[in-house]
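In: Give the three-dimensional model of this entry:
(chains A, B, C, D, E and F)
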Number of protein chains: 4
Amino acid sequence: MPVARPRSARGVAAAVPRLTHADSRAPQVLDAAAALFCRQGYEGTPVRDIARAVGMLPGSLYCHFATKEDLLVAVYLRGVERICQTVEAAVASLTDPWERLEAACVAHLEAILRDDDYARVVVRVRPADVPPAAERLVAARDRYEALWAALVDALPQKRRGDRKAMRLMLLGALNWSQNWYRPDGTQSPRSIARQFTALLRQGMESPA
Amino acid sequence: MPVARPRSARGVAAAVPRLTHADSRAPQVLDAAAALFCRQGYEGTPVRDIARAVGMLPGSLYCHFATKEDLLVAVYLRGVERICQTVEAAVASLTDPWERLEAACVAHLEAILRDDDYARVVVRVRPADVPPAAERLVAARDRYEALWAALVDALPQKRRGDRKAMRLMLLGALNWSQNWYRPDGTQSPRSIARQFTALLRQGMESPA
Amino acid sequence: MPVARPRSARGVAAAVPRLTHADSRAPQVLDAAAALFCRQGYEGTPVRDIARAVGMLPGSLYCHFATKEDLLVAVYLRGVERICQTVEAAVASLTDPWERLEAACVAHLEAILRDDDYARVVVRVRPADVPPAAERLVAARDRYEALWAALVDALPQKRRGDRKAMRLMLLGALNWSQNWYRPDGTQSPRSIARQFTALLRQGMESPA
Amino acid sequence: MPVARPRSARGVAAAVPRLTHADSRAPQVLDAAAALFCRQGYEGTPVRDIARAVGMLPGSLYCHFATKEDLLVAVYLRGVERICQTVEAAVASLTDPWERLEAACVAHLEAILRDDDYARVVVRVRPADVPPAAERLVAARDRYEALWAALVDALPQKRRGDRKAMRLMLLGALNWSQNWYRPDGTQSPRSIARQFTALLRQGMESPA
DNA sequence: AATGAATGAGACTTCATTCAT
DNA sequence: AATGAATGAAGTCTCATTCAT
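Out: Numbers count the residues shown, from 1 in each chain, chains lettered A, B, ... in the order given. As a prediction, this is how the structure comes out:
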């Protein structure tokens, strides 16, 4: 039974950066959530951590997002949107199918390994971990994969094969790199992307 | 659902009606934990669920494992052990390097997609989710990957390239299939494994 | 979600964007609070619901009422005032004591079961639920009960008996009807009131 | 609600009141919940208060009841059961219909005003306050009311009238007394019950 | 080996209220 | 008069773990 708090004024100077309306901190919340979700996972991140990261109390988050789940959905959808744009931008000026594919791989890896917490969440969080939102997440992810399907379908293909299998192989290999990539290692996202693309193109048996 | 008894053989039974060590239900607990961890993840599985699956109360699990983490470690280590054996057995009778690789892929996929909850846990659970045990888990996983390194290194290679990249690509693509594989789909673990291997061997540009 | 405008007509829009006092939405807030308190109770009604019902934000309510409690008190007092007037008006033109009592019962029931959210709150909300305001609420309710005491005391009484008991019985039975009355049932507030009055007048043993 | 005793007999009480299995405190929890629900209502009672009343931590309650709601349901159902028994016992040795009715009123009032916290909850808590359990509560309450219907139907009736109305009037008046009864007043549950019954039997117009 | 009760920390969320704008 | 963000306390509930029996 929460009791009315008496109306005493609250002390403290105006030095505290009390924010104006225009300064909605929802974007900051989103950023913090993305940063934590991609590092600790969804279940592994208490809302309190997100709140602390932006200097709020846990309850204050609910001014901006109705539930923790909504927060994840917002991050995820934005992640899909961003990586779609990133990849599309990366291939926009190219015409050769293999060049386009390689550029997409580079962009994808740079995003999910280094640059874009939102995109990282898309790869890190399993939709099935958040059952009530799973459908929407999967739908979004599918949009992104459609983009890859187009890239793959554009490749010249000298031999019979399942393009779908190829897409699954490539994207799986790229995504899984989140599990082993270390930023301080010898490989860069770009170099990994190139190697994977080359392998896929020529195979190990091709002559130099 | 008794599974192969864990490593060490153990002492004799007492005369008292106490259950002998051989009757220990630890293996059942381990099975249940593997089944749940690989489906719901480590954090997503309450010990209560594991207990219920074997008809015990939560507290009773602690007769067999000191902590939930220990339980995970036990499952994980056994998972590595089993998939090592599975893959080794699959390639044992083969000599051709590519045949060996393909057989390994088939065995790996059948294990992590269908047959072996322990192995599935190895692919599903991130060591980083369980910080205090992470090192041991990674060490075990590395043992398994060494096996793949050997398989890959044995391949004849006509062109320069990073064999490590190839291993990471292949294994990543295989493991990631846990995220999209559906048992009721048109593809079987075996057919996926074959496609991936062929792609890696010949690339998309090779002529038929 | 504009609510029926309260009694007074409203002047024309001023040139100045500031609203005049006549424009105050306090009455609408009061109406919404009455509607919600009588349906969901005091504790069961978040201020947010009240705000939403009048198209405001929760904080904006505090321009009109210092606390949620004040809001309840305002509703409650007005409820007492209104049901007093309603009942008084209903008996004003009658002189026969039993006719007056019956008319009062009809008016009371129509108010608390159907017509008057404010009056309903008086019956629904327990003063003890709002300790700091309890005294004022009870005092108001007592004013209303005094009215009933007068109606009952005016009855001719052939036998000894406790008029207070009679009042408590009748009013209790009427008020409790909030717990079982269904608007779509076969009984109307009026028919219930008549039956209760008749029973009280003649008892079950009286001959027809 | 005694729980099955576990195998071993129990030693003497230790100084520390550590309880044995046989001492399940579920009944104490239920008692405490009944005591608090009937005084503060369901929503007005935090589980923490119930826990403190039995010297537990809030979380510990969930060993015995899955949710706060389940706790209420358990209290409520038991309340119905008890007041049914109380009233049935009170009328068992009587044959005269009016004597039986009066005895029932006395028993009912003594229970809901003084003796039986469980029964008080049945009168105090509105099923509609607990939507997911409302149906079960109403069903239980209906069982009790059926008992009253039988008592009322057994009355000799000299004039036409709605027995249902009579039951609703009487029970409503009795139940509402929870809102005004004060244990330190001049009236006892018994005296109230007698007055109400007499009024209902003879009405105010009957001669002495 | 297993039980059943209890713990204590921490999870997400709600809510009346405040306040600069 | 109203907004929108934030507060801080409190709410119900979960969960790994402990321990006497």
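
In: okay, CA-based contacts and neighbour counts for the rest of this
Out: Fine.

In: Which pLDDT value does the model give the residue most central in space within chain A?
Out: For chain A, the residue nearest the mean C-alpha position is residue A:119 (1.4 Å; Cα atoms, centre = their mean). Listed pLDDT for residue A:119 reads 98.

In: what does residue A:16 give?
Out: At residue A:16, pLDDT is 42.

In: quick one: the residue nearest to the centre of chain A and residue A:88, what's the gap?
Out: 14 Å (Cα to Cα, to the nearest Å).

In: how about low-confidence regions in chain A?
Out: Along chain A, segments meeting pLDDT under 70 span A:1-23, A:158-161, A:207-208.

In: switch the cut-off to 80
Out: By pLDDT under 80, the low-scoring segments of chain A are A:1-23, A:157-162, A:204-208.

In: Now it against DNA strand F: closest residue?
Out: residue A:60 (3.1 Å; Cα to the nearest atom of the strand).

In: What residues does the nearest residue to that residue once chain neighbours are set aside make contact with?
Out: Distances taken as Cα to Cα, 6 or more residues apart in numbering or on different chains place residue A:51 nearest to residue A:60, at 7.7 Å, with adjacent residues excluded. Listed by Cα atoms under 8 Å, 6 or more residues apart in numbering or on different chains, the contact partners of residue A:51 are A:29, A:57-58, A:60-61.

In: Also residue A:189?
Out: Residue A:189 touches A:106, A:109-110, A:113, counting by Cα under 8 Å, 6+ apart.

In: so how far is stretch A:134-145 from its chain's centroid?
Out: 12 Å (Cα atoms, centre = their mean, to the nearest Å).

In: Please list the residues outside it that contact it.
Out: Residues contacting stretch A:134-145 (Cα under 8 Å, 6+ apart): A:73, A:76-77, A:80, A:83-84, A:122, A:127-128.

In: Show me which of those are buried.
Out: When these are checked for burial by 16 or more other Cα atoms under 10 Å in any protein chain shown, the buried set is A:73, A:76-77, A:80, A:83-84, A:122, A:127.

In: would CSV of the residues you listed with secondary structure be doable?
Out: Output for those, formatted as CSV (DSSP: H, G, I helix; E, B strand; the rest coil):
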residue, secondary structure
A:73, helix
A:76, helix
A:77, helix
A:80, helix
A:83, helix
A:84, helix
A:122, helix
A:127, helix
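
In: which one of these is nearest residue C:150?
Out: residue A:73 (64.4 Å; Cα to Cα).

In: follow-up on the earlier one: most neighbours out of the contacts of residue A:189, which is it?
Out: Counting neighbours by other Cα atoms under 10 Å in any protein chain shown, the top entry in the contacts of residue A:189 is residue A:109, with 27 neighbours.

In: Now that it has come up, it's in contact with residue A:194, right?
Out: No - Residue A:109 lies out of contact with residue A:194 (Cα atoms under 8 Å); the separation is 10.5 Å.

In: what's around residue A:206, how many residues?
Out: 16.

In: cool, residue A:180 as well?
Out: 9.

In: Quick check: phi and psi on it?
Out: Here is the backbone geometry of residue A:180 (degrees, to the nearest 10): phi -130, psi -20.

In: Any figure for the gap between it and residue A:113?
Out: Taken as Cα to Cα, the span from residue A:180 to residue A:113 is 10 Å.

In: same question, residue A:48
Out: Distance from residue A:48 to residue A:113, by Cα to Cα: 25 Å.

In: And for residue A:87?
Out: Distance from residue A:87 to residue A:113, by Cα to Cα: 14 Å.

In: just residue A:67 next, same as before
Out: 28 Å.

In: just residue A:102 next, same as before
Out: Taking Cα to Cα, one finds residue A:102 at 16 Å from residue A:113.

In: Equivalent analysis for residue A:81, please.
Out: Distance from residue A:81 to residue A:113, by Cα to Cα: 17 Å.

In: Same question for residue A:60.
Out: With Cα to Cα as the criterion, residue A:60 and residue A:113 are 31 Å apart.

In: what does residue A:201 give?
Out: Taking Cα to Cα, one finds residue A:201 at 23 Å from residue A:113.

In: One more: residue A:97?
Out: From residue A:97 to residue A:113 the distance is 24 Å (Cα to Cα).

In: How about residue A:24?
Out: 29 Å.

In: try residue A:143
Out: 21 Å.

In: And residue A:56, by the same measure?
Out: Residue A:56 is 28 Å from residue A:113, by Cα to Cα.
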